[in-house]
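> let's see this in three dimensions:
(one chain, ligands or ions: 2)
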Amino acid sequence: MADVWQSSMDHAVAVARKAGEMVRGALKDDRTVMTKSSAVDLVTQTDQKVEQLIIQSVKEKFPTHRFIGEESVAAGESCNLTDDPTWIIDPIDGTTNFVHAFPFVAVSIGFSVNKQVEFGVVYSCLEDKMFTARRGRGAFCNGEPLQVSEQTDALVTHLTCVFRVRGAGTAAINMCLVASGCAEAYYEIGIHVWDVAAGSLIVSEAGGVLLDVDGGDVDLMSRRIVAANNRTIAERIVKEIESFTLQRDDAPLQS
Ligand SMILES: O=P(O)(O)O[C@H]1[C@H](O)[C@@H](O)[C@H](O)[C@@H](O)[C@@H]1O
Ligand SMILES: [Mg+2]
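Ligands and ions are numbered 1, 2, ... in the order given. Presented below is the predicted three-dimensional model:
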């Protein structure tokens, strides 16, 4: 990656930390659910405030950059990735955790150019862990290099009856667990681009493998992903799970 994106990445780390402070503060006194479109799809005022904080602060510094943010898309903005520099933001990944004070909540910021993720930042707010990756330059947690595990006996961070299962309740942290070598794999159908844009780069830069649930190349707009420490485990998951297709994140808006 050309060094030209370093200042954007530094800004992403700084604003993710600030956003994390806001999330930690709100955990004490502002976890009220505003809308609930399903049992798991919750929105709080804090989701919206944190997204605004991030977008405003990035706009001031990088006025030409574009945004795809979970709450902005929920409010009707389009979710199309162009070749322009684009910040892909999940202000609170793990909103259900946040509402229950279950202590795994992340701010996730991916940054893409020419439809390729150039850097990813996941701040696990309560653990105070800042996960970062730049394309071609490795993945880190609080500055320490990350490496996926060499285990062949898989611990998986999502539902399956074949593997041992753990789940943090946030896609971003689940992926950082794979990148950190604490779990061998994560898969999910139903996530959105803002859940996985940053985490996917963190996994691949830590030496992991990303696949679509049908075994092809991962497509961040397709709402499905397998992330694993190696190809053998990724392909085993592909074989074991029953895949299905959901409406893509970049599907044309219904009029
Ligand atoms: O908390 P969110 O940003 O809504 O993301 C959730 C996602 O909605 C849910 O489908 C997944 O199971 C979680 O892992 C996400 O992180
Ligand atoms: Mg999310």
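> quick check: closest non-adjacent residue to Ile55.
Take Ile55 and drop its neighbours on the chain: the residue closest to it by CB to CB, 6 or more residues apart in numbering is Phe67, 5.6 Å away. Every C-beta, even on glycine, is put in place using the N, C-alpha and C of the backbone.
> mind checking the SS state of the one you found?
The local conformation at Phe67, judged by DSSP: H, G, I helix; E, B strand; the rest coil, is strand.
> these two touch, right, it and Val58?
Yes: using CB atoms under 8 Å as the test, Phe67 is close enough to Val58 to be in contact (7.4 Å).
> common neighbours of these two, please.
Among the neighbours of Phe67, those also in contact with Val58 (CB atoms under 8 Å, 6 or more residues apart in numbering) are Trp87.
> could you check which of the two has the larger neighbour count?
Val58 (20 against 16; other CB atoms under 10 Å).
> the more buried one: what's it in contact with?
His11, Ala12, Val15, His65, Phe67, Trp87.
> try 10 Å
Shown in contact with Val58 (CB atoms under 10 Å, 6 or more residues apart in numbering): Ser8, His11, Ala12, Val15, His65, Phe67, Trp87, Ile89, Ile109, Phe111.
> put together CSV for those residues, with secondary structure on each row.
Converted to CSV, the contacts of Val58 look like this (three-state DSSP):
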residue, secondary structure
Ser8, helix
His11, helix
Ala12, helix
Val15, helix
His65, coil
Phe67, strand
Trp87, strand
Ile89, strand
Ile109, strand
Phe111, strand
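> could I have the buried ones of these as PyMOL selection syntax?
Listed next is the PyMOL selection for buried residues among the contacts of Val58, using 16 or more other CB atoms under 10 Å:
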select buried, resi 8+11+12+15+65+67+87+89+109+111
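> circling back to that earlier point, hmm, the residue nearest to Ile55 is touching Ile54, no?
Yes: Phe67 is within contact range of Ile54, at 8.6 Å (criterion: CB atoms under 10 Å).
> mutual contacts of these two, please.
Trp87, Ile89.
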